[in-house]
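here is my input; please provide its structure:
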Amino acid sequence: MPASSPKTSASTARVVLASFIGTTIEWYDFFLYGTASALVFGKLFFTSLDPFAATMASFGTYAVGFFARPLGGVIFGHYGDKLGRKSMLVTTLMMMGLATFAIGLLPTYEQAGILAPILLVTLRFIQGLGVGGEWGGAVLMAVEHGKAGQRGFLASWVQAGVPVGLLLATGVFRLLSSSMSPESFMSWGWRVPFLIGILLLGVGLFIRLHVMESPVFATAQKEAPKKNEMPILEVVRRYPRNVLLAMGARFAENAFFYVITIFVLTYATKQAGFAQEEVLRAVLIGSAVQFGVVPLFGLLSDKVGRRPVYLAGAVFVVLFAFPFFWLIDLKNSLALVLAVTLGLIGHSAMYGPQAAFFSELFGTRVRYSGASLGYQLASPLAGGLAPLIATALLQQSEGEPWPVALYLIGMAAITIVSVWLAEETNRKTLEQP
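Below is the predicted model of the structure:
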């Protein structure tokens, strides 16, 4: 059957939709934790600490998920390259959904003492394992069902699930926090977003169980049925340079994203005096805009190449690092919305082409392991530590944001060098072992 037939096109669209919805649900779970870390967990699970230490401890548990992500990428990348993409996507979705639901049932420090933060960290680690394995499988299902000239656009819809997940998580938190008394929200309202995750899990499982395995992977298995015993070792042996370059390419994208969506909740409320609802609204608006522009940057990368679009996003971080904080310091609601929205648009120039770019750097039999390893190795060093580093720098500078801006510029420099050294992949064939 020709690749352009209606039946094949419909199948591809169904796979992309399934990956998008599954990714949205998983990142809803992941971002719930980030929002709660900035606004709730420090007060509920670290009550014995002073406010700054409690915030740092809360962001520390948040970072645990990022340190678990490389391990999740290795484990699920290994089995995804041996057994297939689809089964790993179902497993990771279940891990995320059940861990998120369990967080909503946790006792607080006042109720269970030290056991409460221990359980919180354990569940966050499970979340990290799940999301670490999910990304590679989701983007490969989209990329490997597509064809040259459209892979960037198709895979960018998987990436678009991230701002939608952020939109849902932030929206639910804002709705509850603004419609309840502070006492009720801190007592039980914060649990509701985590508990309703079980409903989203059911929807995601139903959709993911009804998609076909990647045709590129299935073909590779037929042509060379002998399974690679250790895909991760083959990745390190065959593609060490590409793993490092993908890792470096993520530094600016990952660090910048978590500064403008998570750290901003702390900076804008405590330093600029914004109400919590105002900051959440700004993130909501920015996320909605990002959902619309991520696929546009993916499409642009199909036309002009992955590297030019990605580099433009990294250069934007350099140029916008200081203005981002200047806008917030105006203490004007519109300026706050503008800061977050412009930041997420610039971030999208990196995030849109990223899924296809990283996937195309590796051969089929090790693509899940390679893309996951390069993507997830950067997670703890960039995204996981970004809120912690930014909070510590802000404390050391007595509330001045310039060290945080310099930190972002440093991350961008690493990304610019990495992308500059990488090969252009937008016309590369995927039918390589």
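
could you tell me how many residues sit around residue 89?
29 (other C-beta atoms under 10 Å). All C-beta spots, glycine's among them, are computed from the backbone N, C-alpha and C.

does residue 185 touch residue 176 like I think?
Yes - contact criterion C-beta atoms under 8 Å: residue 185 and residue 176 qualify, at 6.1 Å.

does anything pack onto the helix or strand hosting residue 251? Which helices or strands?
Using DSSP states H and E, the element containing residue 251 is helix 240-258. Using 3 or more C-beta pairs under 8 Å, 6 or more residues apart in numbering; DSSP states H and E as the contact criterion, the elements in contact with helix 240-258 are helix 306-329, helix 333-359, helix 367-379, helix 386-396, helix 402-421.

could you redo those helices as CSV and give each row mean neighbour count?
Output for the helices and strands packed on helix 240-258, formatted as CSV (neighbours: other C-beta atoms under 10 Å):
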stretch, mean neighbour count
helix 306-329, 21
helix 333-359, 25
helix 367-379, 29
helix 386-396, 20
helix 402-421, 19
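
can you tell me which of those helices is nearest to residue 299?
Residue 299 lies closest to helix 333-359 among the helices and strands packed on helix 240-258, at 8.0 Å (C-beta to C-beta).

starting at the chain centroid, how far to the closest one?
Helix 333-359 sits 12 Å away from the centroid of its parent chain (C-alpha atoms, centre = their mean, to the nearest Å).

ok, which of the helices and strands packed on helix 240-258 comes nearest residue 24?
Of all the helices and strands packed on helix 240-258, helix 333-359 comes closest under C-beta to C-beta, at 14.4 Å.

quick one: mean pLDDT for the closest one?
Across helix 333-359, the average pLDDT comes to 95.

ok, stretch 43-54 next?
Mean predicted confidence for stretch 43-54 is 76.

where does residue 360 fall, phi/psi-wise?
With angles defined as degrees, to the nearest 10, residue 360 sits at phi -70, psi -10.

OK, contacts around the closest residue to it other than its chain neighbours?
Spatial nearest neighbour of residue 360, excluding adjacent residues (C-beta to C-beta, 6 or more residues apart in numbering): residue 425 at 3.6 Å. For residue 425, the contact set (C-beta atoms under 8 Å, 6 or more residues apart in numbering) comprises 306, 356-357, 360-361.

can you redo these as CSV with distance to residue 134?
Listed next are these as CSV, based on distance: C-beta to C-beta, whole Å:
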residue, distance to residue 134
306, 22
356, 17
357, 18
360, 19
361, 19
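
ok, back up a step: between the helices and strands packed on helix 240-258, which one is closest to residue 72.
helix 367-379 (6.9 Å).

quick check: angle from that closest one to helix 402-421?
150 degrees (axes from the mean of the first three to the mean of the last three C-alpha atoms, to 10 degrees).

sorry, back to before: and the residue nearest to residue 360, how far is that from residue 69?
Per C-beta to C-beta, to the nearest Å, residue 425 is found 23 Å from residue 69.

can you check residue 288 too?
26 Å.

more neighbours: which of those two?
Each of residue 288 and residue 69 has its neighbours counted (other C-beta under 10 Å); residue 69 has more, 30 against 16.

contacts only, for residue 193.
If you count contacts by C-beta under 8 Å, 6+ apart, then residue 193 has 32, 104, 169, 172-173, 176 around it.

now do residue 272
Counting by C-beta under 8 Å, 6+ apart, residue 272 makes contact with 328-329, 331, 336.

could you identify the most distant pair in those residues?
Longest span within the contacts of residue 272, C-beta to C-beta: 329 and 336, 9.9 Å.

grab the most central residue of this protein for me.
Centrality entry for the chain: nearest residue to the mean C-alpha point is residue 162, 6.0 Å, by C-alpha atoms, centre = their mean.

please, which helix or strand holds that one?
Assigned by DSSP H and E, residue 162 belongs to helix 151-179.

quick one: stretch 301-315 to chain centroid distance?
19 Å.

give me the mean pLDDT for it.
Mean predicted lDDT for stretch 301-315 stands at 96.

contacts for that stretch?
The contact list for stretch 301-315 (C-beta under 8 Å, 6+ apart) reads 149-153, 156, 249, 252-253, 297, 300, 346-354, 356-357, 360, 412, 415-416, 419-420, 422, 424-426.

any idea how far residue 393 lies from residue 56?
Using C-beta to C-beta, residue 393 is found at 12 Å from residue 56.

do the same with residue 131
Counting by C-beta to C-beta, the gap from residue 131 to residue 56 is 23 Å.

and residue 211, which of the helices and strands packed on helix 240-258 is closest to it?
Of the helices and strands packed on helix 240-258, nearest to residue 211 by C-beta to C-beta is helix 367-379, at 15.9 Å.

correct me, but residue 255 touches residue 408?
Yes - with contact defined as C-beta under 8 Å, residue 255 counts as touching residue 408 (6.3 Å).

can you tell me the closest non-neighbouring residue to residue 296?
residue 352 (7.0 Å).

what's near enough to touch the one you found?
152, 156, 159, 293-301, 309.

which phi and psi does residue 272 have?
Dihedral pair for residue 272: phi -100, psi -10, per degrees, to the nearest 10.

list the buried residues in the longest helix seen in the chain.
The longest helix of the chain (DSSP state H) is helix 51-83. For helix 51-83, a neighbour-count test (16 or more other C-beta atoms under 10 Å) marks 54-70, 72-82 as buried.

tilt between that helix and helix 386-396?
160 degrees.

I'd like the distance from helix 51-83 to the chain centre, please.
Here helix 51-83 shows a centroid-to-chain-centroid distance of 11 Å under the convention C-alpha atoms, centre = their mean.

packing partners for the first helix or strand past that helix going along the chain?
As assigned by DSSP H and E, the chain's next helix or strand after helix 51-83 is helix 85-103. Counting by 3+ C-beta pairs under 8 Å, 6+ apart, the packing neighbours recorded for helix 85-103 are helix 6-36, helix 51-83, helix 115-145, helix 192-195, helix 197-208.
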